[in-house]
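S.K.: what follows is a predicted protein model with its sequence.
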Amino acid sequence: MYFNENLDFNEFIGSHTILYGETNTKKTYYTAKFVQFLVEAKGIDPKEISILDFAPKLCVFKNVKIGGKIIDFYPQCFKCNNISFEGEIIPPRLTAKNKKELYKYAFENYEKTRDTLNKFNEAPTQFLIINDISIFLHCGDKKFLLKSLNAVNTFFGNSYYGSSIKRNFTIFFSLKEKFAVSYLLKRVDKSYFTK
């Protein structure tokens with residue numbers, strides 16, 4: 001199903017939802033708008049909304065915007081339960097010069113995201129928001145992630161699912177990512193392709 005701006009955000013409360021698609025298709029923007037809807041329209045206590053932002057900083061690759069954080073689109077999200085980590089996420093396919101570096105960056109990202117997810121699991125809230133799920137899935141266990149999602153009342157997240165970010169040595173890496181994302185898409189209540 002395709003995501004469009006006319007969808008009623010009320011339908012996502014009490015459900016597990018993933019937006020997926022190519023780069024620069026407003027996945028993070030819509031995720032931020034859902035957080036804004038919860039806080040401003042529904043009056044949800046921001047501390048009941050946990051945000052795990054796994055996305056790299058906004059950058060431009062081949063004239064296309066890639067990455068970006070929820071706070072870039074909804075600055076008031078700082079009031080929510082943002083579970084952060086030290087350092088930055090390194091976009092592995094864009095930064096690596098070879099396969100060894102690709103997996104080095106992916107594993108470093110995984111350690112950060114895994115620790116963040118573990119912190120959430122120690123003190124879960126009713127609402128869980130994850131920006132850029134695929135960063136965790138590069139090295140992380142999809143079943144472990146699904147177990148975390150299933151423990152909450154409302155989950156809303158997004159994931160890269162495309163072919164625009166590729167290099168010769170990243171083909172297998174990208175296929176594995178797509179398989180892991182597909183696994184999750186089949187096991188959540190709602191999934192929407194962004195274009």
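M.R.: Received it, and whenever you're ready, just let me know what you need.

S.K.: residues of the longest helix seen in the chain that come out buried?
M.R.: Secondary structure of the chain per DSSP state H: the longest helix is helix 99-122. By 16 or more other CB atoms under 10 Å, the buried positions in helix 99-122 come out as 102-103, 105-106, 108-110, 112-114, 116-117, 120. Any C-beta I mention is one placed from the backbone N, CA and C, and that applies to glycine too.

S.K.: mind giving me the packing neighbours of it?
M.R.: strand 49-53, helix 92-95, helix 133-137, helix 142-150, helix 171-185 (3 or more CB pairs under 8 Å, 6 or more residues apart in numbering; DSSP states H and E).

S.K.: and the next helix or strand past the last one?
M.R.: From helix 171-185 onward toward the C-terminus, using DSSP states H and E, the following helix or strand is strand 190-194.

S.K.: quick check: residue 121 touching residue 150?
M.R.: No: look at residue 121 against residue 150 with CB atoms under 8 Å: they stay out of range, at 11.4 Å.

S.K.: just send the buried residues of helix 99-122 back as JSON lines, with distance to residue 193 too.
M.R.: Shown next, in JSON lines, are those (distance: CB to CB, whole Å):
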{"residue": "102", "distance to residue 193": "26"}
{"residue": "103", "distance to residue 193": "28"}
{"residue": "105", "distance to residue 193": "27"}
{"residue": "106", "distance to residue 193": "24"}
{"residue": "108", "distance to residue 193": "30"}
{"residue": "109", "distance to residue 193": "24"}
{"residue": "110", "distance to residue 193": "25"}
{"residue": "112", "distance to residue 193": "28"}
{"residue": "113", "distance to residue 193": "23"}
{"residue": "114", "distance to residue 193": "27"}
{"residue": "116", "distance to residue 193": "26"}
{"residue": "117", "distance to residue 193": "25"}
{"residue": "120", "distance to residue 193": "26"}
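
S.K.: now, which of those sits nearest residue 84?
M.R.: For these, the closest approach to residue 84 (CB to CB) belongs to residue 116, at 7.2 Å.

S.K.: now do the closest one against residue 142, distance only.
M.R.: Counting by CB to CB, to the nearest Å, the gap from residue 116 to residue 142 is 16 Å.

S.K.: worst average pLDDT in the helices and strands packed on helix 99-122?
M.R.: Ranked by mean pLDDT, the helices and strands packed on helix 99-122 bottom out at helix 92-95, with a mean of 92.

S.K.: how about the closest residue to residue 41 other than its chain neighbours, what does it touch?
M.R.: With sequence-adjacent residues excluded and distances taken as CB to CB, 6 or more residues apart in numbering, residue 41 is closest to residue 9, at 7.6 Å. By CB atoms under 8 Å, 6 or more residues apart in numbering, the residues touching residue 9 are 33, 34, 37, 41.
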